[in-house]
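> Below: sequence and its predicted model.
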Amino acid sequence: MATPPTEPLLTCLVVDDDPLSVQVVLNCIANTPFLTAAGSFTDPAAAADFLRTQTVDLLFLDVEMPLLSGIELLDTLQHPPLTVLITSSKDYAVEAFEHAVVDYLVKPVSYARFLQAAQNALAVAQKHDKSLTHSDFAFVKVDSRLVRVDFDEVRYVEALGDYVHIITTHSKHIVYSTMRAVADKFPAARFVRVHRSFIVNLQHVQAVEDGAVVVDGKHIPVGQTYARDVMQRVNKL
């Protein structure tokens, strides 16, 4: 059997209206070397809002929730992440198949069964080559040429009108793009969106103070929508 990766490859979000169930899944994630938790929600509507602005690799999603079911939540997302449905009933297997989810877990969730689902998700991610294996760089289009950007050198990304400015250690690249496109291209394990206009490299965050993160001495504002996720991610540094 191949030795599993020791560094996290898939960032995960847990959505379940039962706090105890959330903690069970978070504990499973913490014990799985190729997974890392990006956060959790007991409110599915709040989770849907989060997923419209933030990118995760894998979603552990309860089906039966008040106001907005897990299936309905998936239907609100234009580009849903890889998803493992979790429920106390086997009656949703057909709907799970129709939504092309990675796996379907029935509560109570055992770690052995959870690990199998996680390995299935990793296999699908690697098969589709979604930049989840921690590539060290990406190419971005600057004017009429493609420029290599090394992720370790990126300090932060700032949106300005129809363009984004990618600030690196030695240069600034002006790219005609959206922040969502950048978030999809940059590995979520290394970068976090802190504001509608800013994405920062976690390894270059020097401090968090007064509603801002400090990167290379620059105070970058943290928007209210992103504050919870930022604090959860910073706490893992």
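Noted; the coordinates are in hand. Residues are numbered from 1 along each chain as shown.

> Count the neighbours of residue 213 for me.
Counted with other Cβ atoms under 10 Å, residues neighbouring residue 213 total 24. Every C-beta, even on glycine, is put in place using the N, C-alpha and C of the backbone.

> Residues contacting the helix or strand hosting it, please?
Using DSSP states H and E, residue 213 falls within strand 212-215. With Cβ atoms under 8 Å, 6 or more residues apart in numbering as the test, strand 212-215 has contacts from 155-156, 194, 200-201, 204-208, 219-222, 230, 234.

> Quick one: low-confidence residue ranges for this structure.
Within the chain, the stretches with pLDDT under 70 are 1-8, 90-100, 128-135, 235-237.

> where along it do the helices fall?
Ranges of helices in the chain, per DSSP state H, are 19-30, 44-53, 70-76, 93-98, 111-128, 179-185, 224-234.

> Please parse this protein into its domains.
The record's domain parsing of the chain by automatic domain parsing lists 10-128, 137-234.

> out of those domains, deepest packed?
domain 10-128 (a mean of 18; mean count of other Cβ atoms under 10 Å).

> That domain: how far from the chain's middle?
Distance, stretch centre to chain centre, for domain 10-128: 12 Å (Cα atoms, centre = their mean, to the nearest Å).

> wait, residue 81 sits on residue 57?
Yes. Judged on Cβ atoms under 8 Å, residue 81 makes contact with residue 57 at a distance of 5.9 Å.

> residues contacting residue 108?
Taking Cβ under 8 Å, 6+ apart as the contact definition, residue 108 lies against residue 24.

> Look up how far residue 176 lies from the residue of the chain positioned farthest from its centre.
What lies farthest from the middle of the chain is residue 144; by Cα atoms, centre = their mean that is 30.6 Å. Distance, residue 144 to residue 176, by Cβ to Cβ, to the nearest Å: 11 Å.
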